[in-house]
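[1] Give me a model of this one.
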Amino acid sequence: DAIRELLGQLERMRVEAPVPDELAEVRDFLVGIFPLRFETTTGIATAIEPLAVYDLPDDYWHTYRSRLETVTADDVLGAARELVRPDEALILLTGDAALLRDDLAAADLGPLEVVPAQA
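    Numbers count the residues shown, from 1 in each chain. Modelled structure (predicted):
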């Protein structure tokens, strides 16, 4: 049931825009914690890497907060429709396969593969 609920929530993200209060709360949180990522040399190095890997503009981090502050509910919905694909989800569980296998097979979530733990 929990897996189906999760997949349902992911699908809901694709069809329902976030409510204004939730969007504002998340946006304010992300804007507020942004400076914390630059508190350590590791944080700075971690921030530099995507600039090179994804060929981002030099001012990417300088303009990040202002760009984040302008994100709308429609922007979030559009991104979710493009990027969130519950029908392609790979679900990974850890635990005793003997205890989980029957329930997972009955849930009919797709092919089930058991991978033994490595010693």
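[2] Point to the residue nearest the middle of the chain.
    Among the residues of the chain, the one closest to the centroid is Val84, at 8.5 Å (Cα atoms, centre = their mean).
[3] who touches that one in this structure?
    Under the criterion of Cβ atoms under 8 Å, 6 or more residues apart in numbering, the contact partners of Val84 comprise 10, 13-14. For every residue, glycine as well, the C-beta is placed using N, CA and C.
[4] quick one: contacts of stretch 89-96?
    Counting contacts by Cβ under 8 Å, 6+ apart, the residues outside stretch 89-96 that touch it are 3, 7, 10, 100, 104, 109-110.
[5] which of the residues in that stretch are buried?
    For stretch 89-96, the neighbour count (16 or more other Cβ atoms under 10 Å) marks no residue as buried.
[6] Just give me how far it sits from the chain centre.
    Centroid displacement of stretch 89-96 relative to its chain, using Cα atoms, centre = their mean, to the nearest Å, is 17 Å.
[7] likewise stretch 31-45?
    The gap between where stretch 31-45 is centred and where its chain is centred comes out at 20 Å by Cα atoms, centre = their mean.
[8] buried ones in that stretch?
    The neighbour-count check on stretch 31-45 (16+ other Cβ under 10 Å) flags nothing as buried.
[9] Could you tell me the end-to-end distance of it?
    The straight-line separation of the ends of stretch 31-45 (Cα to Cα, to the nearest Å) is 20 Å.
[10] Use 797 as the first number for this chain going forward.
    Understood, numbering begins at 797; the last thing we discussed is stretch 827-841.
[11] Mind checking the pLDDT average for that stretch?
    The average pLDDT for stretch 827-841 rounds to 95.
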